[in-house]
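Chemist: next come a sequence and a model predicted from it.
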Amino acid sequence: MLALGSKVLDRPQDLEVAIRLAETCYWSYRITMTGIGAEEVWFKIMEEGNLKNNNNPEIHKRHPDGIIRLGPSYYLLRPETIESLFILYRVTGDKKYQEHAWEIWQSIEKWCKTSTGYSGIYDVDSTSIIKNDSMER
């Protein structure tokens, strides 16, 4: 919505925010073992230029500095990230957003497809997939 609004209302600063948000979402997909984003990603908080000390034992060694945890790590077949990437492609013309959306779609096909449709999964950061036998409405 920010990207569309930036064009309609001639607010280029909103497009920059939209790009940063969408790229953060895309990045949250890329850091998991399945290539599918968790329902939530927890970030460390910056305080006066320094990362707030957090000795959370759930920090995963593969995750970049700044991530506290993925959680909950299930996936409910939500389309918002792919939709946002598609809109950014249409607004900017930059094909990288098409490619990012295609990568996510391929992961959904690989891990969520069933013989009769698609299912959410319980843990996006494991390749021992357990489907939740559910599609959001």
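Modeler: Alright, I've got the coordinates.

Chemist: pLDDT-wise, which helix or strand of the protein ranks last?
Modeler: Using mean pLDDT, DSSP states H and E, strand 50-51 stands out as the lowest-scoring helix or strand of the chain, at a mean of 54.

Chemist: in the longest helix seen in the chain, what counts as buried?
Modeler: Looking across the chain with DSSP state H, the single longest helix is helix 12-30. Going by neighbour count (16 or more other Cβ atoms under 10 Å), the buried part of helix 12-30 is 14-15, 18-19, 22-23, 25-26, 28-29. To be clear about C-beta, it is placed using only N, CA and C from the backbone, and glycine gets the same treatment.

Chemist: again with stretch 92-109
Modeler: Going by neighbour count (16+ other Cβ under 10 Å), the buried part of stretch 92-109 is 97, 100-101, 104, 107-108.

Chemist: hey, C-alpha coordinates of that stretch in CSV?
Modeler: Provided in CSV are the C-alpha atoms of stretch 92-109 (Å, rounded to 0.1, in the frame of the first residue of the first chain):
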residue,chain,number,x,y,z
THR,A,92,9.5,0.2,-9.9
GLY,A,93,9.9,-2.1,-12.9
ASP,A,94,12.8,-3.8,-11.1
LYS,A,95,12.8,-7.5,-12.1
LYS,A,96,14.6,-8.5,-8.9
TYR,A,97,11.2,-8.3,-7.1
GLN,A,98,9.8,-10.8,-9.6
GLU,A,99,12.8,-13.1,-8.9
HIS,A,100,12.4,-12.7,-5.2
ALA,A,101,8.7,-13.6,-5.4
TRP,A,102,9.5,-16.6,-7.6
GLU,A,103,12.0,-17.9,-5.1
ILE,A,104,9.4,-17.8,-2.4
TRP,A,105,6.8,-19.5,-4.6
GLN,A,106,9.2,-22.3,-5.4
SER,A,107,9.7,-22.9,-1.7
ILE,A,108,6.0,-22.9,-1.1
GLU,A,109,5.6,-25.5,-3.9
